[in-house]
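Novice: need a structure here:
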Amino acid sequence: MKSFTSRRAQAIVVAIAAGSLALTGCSENTGGKSGTDSKKDQKDASVQSKSVTYADAAASTGPAKEVPGAKSGGTLQVYQEAGLSHLDPGQIYVSDAGQVANLLFRRLTQFQEDDKGNVSVVGDLATDSGQSSEGGKTWTFKLKDGIKDANGNAITSKDVRHTVERQFAKFIFDGPPYLQTWLAGAKYDQYRKLLPGGGFDGKHLPASVLDTPDDKTVVFHFDQARPDLPQTLAMAGYAIVPEKGDTKEKYDKAPVATGPYKIQSYKVGKSLVLAKNANWDPKTDSVRHQYPNGVNFQFGITESTQTKRLIADKGEDRNAIQLTGGVESTQIQDVIGSPEVSKRTVKGYQPYVMQLAFNLDRMKNKKVREAITYAVNSKSLIAGEGGAYGGDVAPNYFAPTLPGYEATYDPYGRLKTPQGNIAKAKELLKDVPASEKKVVFAYGNSENGQKRKVAIEDALTKAGLDVVSKEVDNASYYEQIGKLDNPYDMYISGWGQDWPSPGTVITPVYDPAQVADGSPNYSHVKDPKVGELIKKALTQEPTEAAKTWKEAQHYLMETVLPGAPLWYTKQFQLSGSNVGGGRYGSVSSLIDINRLYLKS
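Specialist: Below is the predicted model of the structure:
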């Protein structure tokens, strides 16, 4: 899962976790004093790595359980620094658009959380989480009755087929790749050969791959077992796009809603106004609510301004939340120092690892990459995110929320020298030609991006490197660094598991088969051994696979070195006093936007 660069790095909203982190995922937050004990925080975060369960039809039947004390009415205000890069579900793979998607779009399945940190997959448009056969190679879903889109059109199996087939179209380039590659049995970006027209030319996937025998039935056929399919289909990137309303490239600006809200107006980069969708039936939805009359997203509001306004808690700010941003680092003490303000926060460990990704097509000298890995100042970078409330030093590529996390695996001494080992970096660079010491660093044009730029330049300059920093538009940051032929040597990126499995980190980020434009393999890793280990792990049982994923991480860090691990992220978000229902969501790693209401 991409994080979001400015805050969570838009690739990661790295905001700041305070307090006795409610890392069980979803408990109500009432403030706290801790947040500075990384070992305890990481132990708490391990709750998020437990297995997700698949629910039956009873758990998938709406309406959703009422939020205690919830009321209907009013307009929820949502503040965000950068605009949204996409609204077309097929293009959504970052946290900000993912939050918006929870209000606008439904999928075949959806994640459901309780107050104890338990997460299950329920049927969303489907009657349950899916029925598997043939050893997990075939999955069958039945659609619920009475499902309509915002235009009043019934959702049928043909709309599900269309949603899947349009993923093969060329204009879809920024979303998750799992389902397409599984169906095609092809390498990343090669799957399009299965259906080059994306279904728009009247040609469809063969029934041996995707079958829709009637209006209520969808059957997926794979060449190998895909036990994680229900979790995959719960991703925002696979939300339903009704065939009748699909406008191809234009859909990104005016998608058709299937969730509790629909788009009333959208000014790209400025505002997004949502109104209630009268065609959404709560009796069919076991996850979402429709408490506010509307939701007003305002873009272009910096984190510092968001924090000041929410602390002051005046006027419409009383009805506001932060979308993926967090409490601005210099104002953390103002928040935690006031019990009245602190109780309006949600806190939790995020699944993201921030790293300085190296473009291996340009940075071919491993000594330079090693020198940078030793030199980077994680302590300084974390300070810009809020210190201990913003994150912990990352010694490797696995987050504490991920099964297989190794807290002591630290091949570059990041834990011993979080401020950077300049002497070691200088030693490695001693015989490196001057031409290879010039490195081009891309950073997002946000408040956090500026802080990171300063920290990177300072550390690498001290090590003897010539850093040339290039500013990149924050809203399109991942799109820019996702281009194979980009002009940058390195860039900060963040990635978190799509579900609790190392395979959802190693595979999308480091698989040689996924080196392509728009792929999250930002370092362009092409090492064949990495590919072999991935293929091996994907065919193994979880216990054996865990050993292979561990081997893959060690090989990546010690032999390939595609990036320097920087920090693990925490989240610390603030809401207005009139917002009710706020809790930390372990699936989104943000405030759970599905259950918010206004108290008056």
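
Novice: lowest-confidence helix or strand of the chain?
Specialist: Ranked by mean pLDDT, DSSP states H and E, the weakest helix or strand in the chain is strand 10-11, scoring a mean of 33.

Novice: and the contacts of the strand or helix carrying Ile382?
Specialist: Here Ile382 sits within helix 378-383, counting by DSSP states H and E. Outside helix 378-383, the residues that touch it by C-beta atoms under 8 Å, 6 or more residues apart in numbering are 329, 354, 388, 390-394, 414, 418-420, 451-452, 455-456, 458-459, 566-567. Using the backbone N, CA and C atoms, a C-beta is placed for each residue, glycine as well.

Novice: let's see that with 7 Å instead.
Specialist: When contacts are defined by C-beta atoms under 7 Å, 6 or more residues apart in numbering, helix 378-383 is touched by residues 390-391, 393, 414, 418-419, 452, 455, 566-567.

Novice: give me the buried subset of the residues you listed.
Specialist: Buried subset of those (neighbour count, 16 or more other C-beta atoms under 10 Å): 390-391, 393, 414, 418, 452, 455, 566-567.

Novice: that older thread, any idea which of the contacts of helix 378-383 is closest to Asn319?
Specialist: Nearest to Asn319, judged by C-beta to C-beta, of those is Gly390 at 26.4 Å.

Novice: the closest one against Tyr568, yeah?
Specialist: No - counting by C-beta atoms under 7 Å, Gly390 stays clear of Tyr568, with 9.9 Å between them.

Novice: helices along the stretch 1-150 of the chain, start to end?
Specialist: Ranges of helices in the stretch 1-150 of the chain, per DSSP state H, counting those that start in this stretch, are 38-45, 95-104.

Novice: ok, of those, where does mean pLDDT dip lowest?
Specialist: Lowest mean pLDDT of the helices of the stretch 1-150 of the chain: helix 38-45, a mean of 58.

Novice: low-confidence stretches in the stretch 351-500 of the chain?
Specialist: Regions of the stretch 351-500 of the chain meeting the criterion pLDDT under 70 are absent.

Novice: residues contacting the nearest residue to Met235 once chain neighbours are set aside?
Specialist: Among residues not flanking Met235 along the chain, Pro176 sits closest, at 5.5 Å (C-beta to C-beta, 6 or more residues apart in numbering). Contact analysis of Pro176 by C-beta under 7 Å, 6+ apart lists 93, 235, 237.

Novice: kindly report the same for Tyr238.
Specialist: So Tyr238 contacts 107, 163, 179, 232 (C-beta under 7 Å, 6+ apart).

Novice: change it to 6 Å
Specialist: Residues near Tyr238 by C-beta atoms under 6 Å, 6 or more residues apart in numbering: Arg107.

Novice: could you tell me the end-to-end distance of stretch 403-420?
Specialist: 28 Å (C-alpha to C-alpha, to the nearest Å).

Novice: what are the buried residues along it?
Specialist: 403-405, 410, 412, 414-415, 417-418, 420.

Novice: which residues pair with the closest residue to Leu229 other than its chain neighbours across the strands?
Specialist: Spatial nearest neighbour of Leu229, excluding adjacent residues (C-beta to C-beta, 6+ apart): Trp139 at 5.2 Å. Beta-bridge partners recorded for Trp139 (DSSP bridges): Ser132, Phe220.

Novice: okay, Trp139: pLDDT?
Specialist: Note on Trp139: pLDDT of 97.

Novice: tell me how far it lies from Thr212.
Specialist: 13 Å (C-beta to C-beta, to the nearest Å).

Novice: same thing with Arg344?
Specialist: The spacing between Arg344 and Thr212, counted by C-beta to C-beta, is 47 Å.

Novice: more crowded one of these two?
Specialist: More crowded of Arg344 and Thr212, by other C-beta atoms under 10 Å: Arg344, with 24 against 20.

Novice: from Ile321, how far out is the more buried one?
Specialist: Plainly put, Arg344 is 10 Å away from Ile321 if you go by C-beta to C-beta.

Novice: what sits in contact with each of those two?
Specialist: Joint contacts of Arg344 and Ile321 (C-beta under 6 Å, 6+ apart) are Ser575.

Novice: in helices, which of the contacts of helix 378-383 appear?
Specialist: Cross-referencing the contacts of helix 378-383 against helices under DSSP state H gives 452, 455.

Novice: give me the low-pLDDT residue ranges for the protein?
Specialist: For the chain, the stretches with pLDDT under 70 are 1-51.

Novice: need the outlier residue of it, farthest from its centre.
Specialist: Asp431 (40.2 Å; C-alpha atoms, centre = their mean).

Novice: next, that one: phi, psi?
Specialist: Dihedral angles of Asp431 (phi, psi; degrees, to the nearest 10) stand at phi -110, psi 10.

Novice: Gly199 contacts Val164, doesn't it?
Specialist: No - assessed by C-beta atoms under 6 Å, Gly199 is found out of contact with Val164, at 8.3 Å.

Novice: looking at these two, which is more packed in?
Specialist: Per other C-beta under 10 Å, whichever of Gly199 and Val164 has more neighbours is Val164, with 28 against 20.

Novice: where's the spatially closest residue to Asp410 that is not a sequence neighbour relative to Val268, distance?
Specialist: Leaving aside its chain neighbours, Asp410 sits nearest to Pro395 (3.6 Å; criterion: C-beta to C-beta, 6+ apart). Distance, Pro395 to Val268, using C-beta to C-beta: 40 Å.

Novice: compare these two (neighbour count), which wins?
Specialist: Pro395 (22 against 13).

Novice: just checking, the more buried one touches Tyr412?
Specialist: No - judged on C-beta under 6 Å, Pro395 makes no contact with Tyr412 at a distance of 7.4 Å.

Novice: ok, back up a step: closest to Lys529 among the contacts of Pro176?
Specialist: Of all the contacts of Pro176, Tyr93 has the smallest distance to Lys529: 26.9 Å, by C-beta to C-beta.

Novice: what helices and strands are in contact with the longest strand seen in the chain?
Specialist: Using DSSP state E, we find that the single longest strand of the chain is strand 345-358. Secondary-structure packing of strand 345-358 (3 or more C-beta pairs under 6 Å, 6 or more residues apart in numbering; DSSP states H and E): strand 490-496, strand 563-574.

Novice: rebuild those strands as JSON lines, extending it with distance to Val335.
Specialist: Below are the helices and strands packed on strand 345-358 laid out as JSON lines (distance: least, C-beta to C-beta, whole Å):
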{"stretch": "strand 490-496", "distance to Val335": "23"}
{"stretch": "strand 563-574", "distance to Val335": "6"}
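
Novice: please name whichever of those strands is nearest to Ala150.
Specialist: Each of these was scored for nearness to Ala150 using C-beta to C-beta, and the closest is strand 563-574 (28.7 Å).

Novice: elements contacting the closest one?
Specialist: strand 345-358, helix 378-383, strand 391-393.

Novice: most tightly packed of those?
Specialist: The highest average neighbour count among the helices and strands packed on strand 563-574, using mean count of other C-beta atoms under 10 Å, belongs to strand 345-358 at a mean of 29.
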